[in-house]
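Trainee: Got a predicted model here, sequence first, then my questions.
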Amino acid sequence: MSQLPPSTQKISLSEPVGDKTISLQTGTLAKQAGGSVTVHLGDTVVLSAATAQKNTKDVGFIPLTSEYRERTYAAGRIPGGFFKRESRPREKETLSSRLIDRPIRPLFPEGWNFETMLHNIVISIDGQNDSDVLAITGASAALMLSDIPWNGPVSAVRVALVDGVIVLLPTFEERERAELEIVVAGKKGALLMVEGTAREIPEGLFIDALDAASKVIDRLCDLQLKLIRESEASGRKVVKRVLEPKTTPKPVEDYVTGKALEPIKAALRMKLDKYGLDSAISGIKESIVKEVEASAKNAPDMKEWIPYVGRVIEDILYTESRSMALNEKIRPDGRAFNEVRPISIMLPVFKQLHGSVVFTRGQTQALCSVTLGSPADSQIMDVLEGEYKERFMLHYNFPAFSVGEVKPERGPGRREIGHGALAQRSLAPLLPPDEEFAYTIRIVSEILESNGSSSMASVCGGSLALFDAGVPMKAACAGVAMGLVYENGRYAILTDIAGIEDHNGDMDFKVAGTERGITGFQMDMKVEGLSIAILKEALEAARQGRLHILGKMNEALPKPRPELAPSAPRLYRLQIPMNKIGALIGPGGKNIRRLIETYGVEVDVEDDGSVFITGVDSDGCDKAKAEVEALTVEAEVGKIYKGRVVSIKEFGAFVEIFPGKEGLLHISQIAVERVGRVEDVLKEGDEVEVKVLEVDNDGKIRLSRKAVLAPGSENEGGGRPPRGGDRDGGRGRRPGGGGPRMHSRR
């Protein structure tokens, strides 16, 4: 059992979780917030605060903002950049903010329209325990301590399967080795959110992990309730605001229902697509509004009915679409519960792209493209624990035209980042290891049409695009979104949900994987009390749907293409001794620059001696590779090499036996007979065969042509030149008239 964290606040309560301890503390810090706590795990600490405005806001949604921020001081670091302070959120901060929001938002009472802020600030990190999952529990506890009416508490835990053993709250190191990693959030006895990744695990192991998580969640929810009691006992009474629900006047509800109910029922049963149904409902609404406006000429009070018309129609749509599923066993588009929408696959799409596909399922369409780059193209990820390089990126774009709307692009929002991360997590376990395929890989998913589950279309399209690019994936990956309608113990599980089923349903459960098992998942619940039995049923339906989609994908492209696209760069990975890195780079990067300019390639050298050569021209890559190999090869004494004369001096010639590697061919070793002038036998550019006589401690090489022409003659006549002399001057003479000492040029 780990040591209890030190108490920094007036009230401190702890709960063991596996071999660790989570502590909730309150009463001293951030007392002007509506409610605040610190959550401790080891020396990792998150401060969570919840505050709501006193005045209402006229909006049709819950005005909740969840923020998660990591301060670099928490890790003993100073931020990079010119201003030396934190600025826009990193990707992890954005994803963690979504992680907090998703289980919290559904538990606000209907009609809550006070702007509400959840702040979660990481103020200490120990390098072992992540802080994101703690912030979910912290945000819940802060809400429970505040005056905000909210149907909590909620708690969260991270679970991993490491070496076949379920580990609660795994460390960063354990997560690197995990076969399964999930974050689970929920109320006591009810799961609300699941998110994670896996390495093709069977559904049974996933259920085991959820079961272990639910037990911890129950205890952490009890801990929060105890914290409230301790806080009230210390004199801080929690008094919740009274929310007066906004109700539709009964005459308006009766009037609109009488006019709209039967037309909406008929429209829902006409098996219309999204556009057809939207058009039909809009027509019903416009007709009723016109009637109300006409009646208001004689009854002016009816003008006040107009804002309620849309609300009543939405309520009818919600009730009737759910009733169809539970009572009539039918869906708005006419599909069976386990039926996947029609799938079409177009590939390759654009010749110039390294890999591309248009994946269409129903009215959801994704154009997915793959771009291959060198290791220098990898993304440097700046996280609280330090920097690392990400060689696989998946970017998801959701332009407004995909749903028939007009809206300018302002860069990726939380939704785009979240959907892209889900698709990336689903595909990443199937990529070849760096040692086998060293390319940096970027997938971009452009959503061209959307009517439900565009993130799972991105998984399917991304997998096919990787196959089209010739990336040697371990297996194909498909994803499907599952829905649920649940009322009073009765339920319907829906495969491949469309937009209306997502909007009016009780669950959005996205599952991605291969024929062997699950690789990625994300579940959000709108109802409480989902049993493990129902979840098992949903997982099995998802598996069947996934296999159906994989079958369609395999018909289009059953395995990765054997060759990369002609437009894709070629990449070679070499390993050189670390003590040769300097020789390869050359003075001021001279050698690297020459390779880049001569062959039109990119050359990246890493500290461990890994050398990556990338270029579109395969011939240029081959030549650059040969030069790199030659630059780092060692000359062997006694071996004969074909070299090129690069310069001539009075005392001999310098011969390049490898690119950038020269040795001295002394005048006495040029020919068997005596040579008066070097120029009488050799000129610059001549190719000659030479034998390596010696490599001294400084790496300088002594060569002999005589030894090739007449083996053994190199030891006759002029012997080894003495030490001393200077290559440039060449005036040092040994007794007897010999030339200057040997030099080599690197």
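Mentor: Sure thing, it's come through.
Trainee: residues touching Ala547, list them.
Mentor: Rather than Ala, residue 547 is Leu. Listed by Cβ atoms under 8 Å, 6 or more residues apart in numbering, the contact set of Leu547 reads Glu515. Quick note: C-beta positions are derived from backbone N, CA and C, even for glycine.
Trainee: Can you classify it by secondary structure?
Mentor: Recorded secondary structure, Leu547: helix (DSSP: H, G, I helix; E, B strand; the rest coil).
Trainee: Equivalent analysis for Thr360, please.
Mentor: Secondary structure assignment for Thr360 (three-state DSSP): strand.
Trainee: Number of residues surrounding it?
Mentor: By other Cβ atoms under 10 Å, the residues close to Thr360 number 20.
Trainee: My guess is it contacts Ser344. True?
Mentor: Yes - in this structure, Thr360 is within contact of Ser344 by Cβ atoms under 8 Å, at 4.6 Å.
Trainee: Report the secondary structure element holding Val692.
Mentor: In this structure, Val692 sits in strand 687-695 according to DSSP states H and E.
Trainee: repeat for Gly283
Mentor: Here Gly283 is covered by helix 274-295, with elements defined by DSSP H and E.
Trainee: Contacts for that helix, please.
Mentor: Helix 274-295 has contacts (Cβ under 8 Å, 6+ apart) with 255-256, 259-260, 263-264, 267-268, 270, 272, 302-303, 305-306, 309-310, 313, 317, 332, 363, 404, 451, 498-500.
Trainee: and if we set it to 6 Å?
Mentor: Contact with helix 274-295 is made by 259-260, 263, 267, 302, 305-306, 309, 313, 363, 451, as judged by Cβ atoms under 6 Å, 6 or more residues apart in numbering.
Trainee: re earlier: can you tell me the strand partners of the strand holding Val692 and which way each runs?
Mentor: Partner strands and pairing direction for strand 687-695 (DSSP bridges) are strand 640-649 (antiparallel), strand 701-704 (antiparallel).
Trainee: residues of that strand that come out buried?
Mentor: By neighbour count on 16 or more other Cβ atoms under 10 Å, the buried set for strand 687-695 is 688, 690-693, 695.
Trainee: With distance to Asn338 and pLDDT as extra columns, can I get the residues you listed in CSV?
Mentor: Shown next, in CSV, are the buried residues of strand 687-695 (distance: Cβ to Cβ, whole Å; pLDDT from 0 to 100):
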residue, distance to Asn338, pLDDT
Val688, 77, 94
Val690, 76, 94
Lys691, 77, 94
Val692, 74, 93
Leu693, 80, 94
Val695, 73, 90
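Trainee: Which single one of those residues is nearest to Ser140?
Mentor: Nearest to Ser140 among the buried residues of strand 687-695, counting by Cβ to Cβ, is Val695 at 70.5 Å.
Trainee: related to what we said a few turns ago, taking the contacts of helix 274-295, please make a ChimeraX selection of just the buried ones.
Mentor: A single ChimeraX command selects the buried members of the contacts of helix 274-295 (16+ other Cβ under 10 Å):
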select :259,260,263,267,302,305,309,313,363,451
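Trainee: now, which of the contacts of helix 274-295 lie within helices?
Mentor: 259-260, 263, 267, 306, 309, 313 (DSSP state H).
Trainee: Return the member of those residues nearest to Ala50.
Mentor: For these, the residue nearest Ala50 by Cβ to Cβ is Ile313; the value is 34.1 Å.
Trainee: Show the contacting residues for the closest one.
Mentor: Ile313 makes contact with 260, 285, according to Cβ under 6 Å, 6+ apart.
Trainee: Just to check, Ile443 is in contact with Leu394?
Mentor: Yes - with contact defined as Cβ atoms under 6 Å, Ile443 reaches Leu394; the gap is 4.5 Å.
Trainee: So those two - more neighbours on which side?
Mentor: Each of Ile443 and Leu394 has its neighbours counted (other Cβ under 10 Å); Ile443 has more, 27 against 24.
Trainee: what's the helix or strand for that one?
Mentor: Assigned by DSSP H and E, Ile443 falls in strand 440-449.
Trainee: got the buried residues for the longest helix seen in the chain?
Mentor: In the chain, assigned by DSSP H, the helix with the most residues is helix 203-233. Within helix 203-233, the residues that count as buried by 16+ other Cβ under 10 Å are 203, 205-206, 209-210, 212-214, 216-218, 220-221, 223-224, 227-228, 230-231.
Trainee: chain center to that helix: distance?
Mentor: Offset of helix 203-233 from its chain centre (Cα atoms, centre = their mean, to the nearest Å): 28 Å.
Trainee: and that helix, what does it pack onto?
Mentor: Here helix 203-233 touches strand 11-17, helix 132-145, strand 155-162, strand 180-187, going by 3 or more Cβ pairs under 6 Å, 6 or more residues apart in numbering; DSSP states H and E.
Trainee: tilt between the helix or strand Phe467 falls within and strand 440-449?
Mentor: Counting by DSSP H and E, the element that carries Phe467 is helix 454-469. On the basis of axes from the mean of the first three to the mean of the last three Cα atoms, to 10 degrees, helix 454-469 is oriented at 130 degrees to strand 440-449.
Trainee: if you average pLDDT over helix 454-469, what comes out?
Mentor: Across helix 454-469, pLDDT averages out at 98.
Trainee: roughly how far out does that helix sit from the chain middle?
Mentor: Computed by Cα atoms, centre = their mean, the chain-centroid distance of helix 454-469 equals 14 Å.
Trainee: Could I get the buried residue list for the following helix or strand past it?
Mentor: Sequence order places strand 478-487 as the next helix or strand after helix 454-469, per DSSP H and E. Under the neighbour-count criterion of 16+ other Cβ under 10 Å, strand 478-487 has 478-486 buried.
Trainee: what's near enough to touch Leu703?
Mentor: If you count contacts by Cβ under 6 Å, 6+ apart, Leu703 has them with 655, 663, 665, 690.
Trainee: who does the third one bridge with?
Mentor: By that I understand Leu665. Assessed by DSSP bridges, Leu665 has beta-bridge partners Ala653, Leu703.
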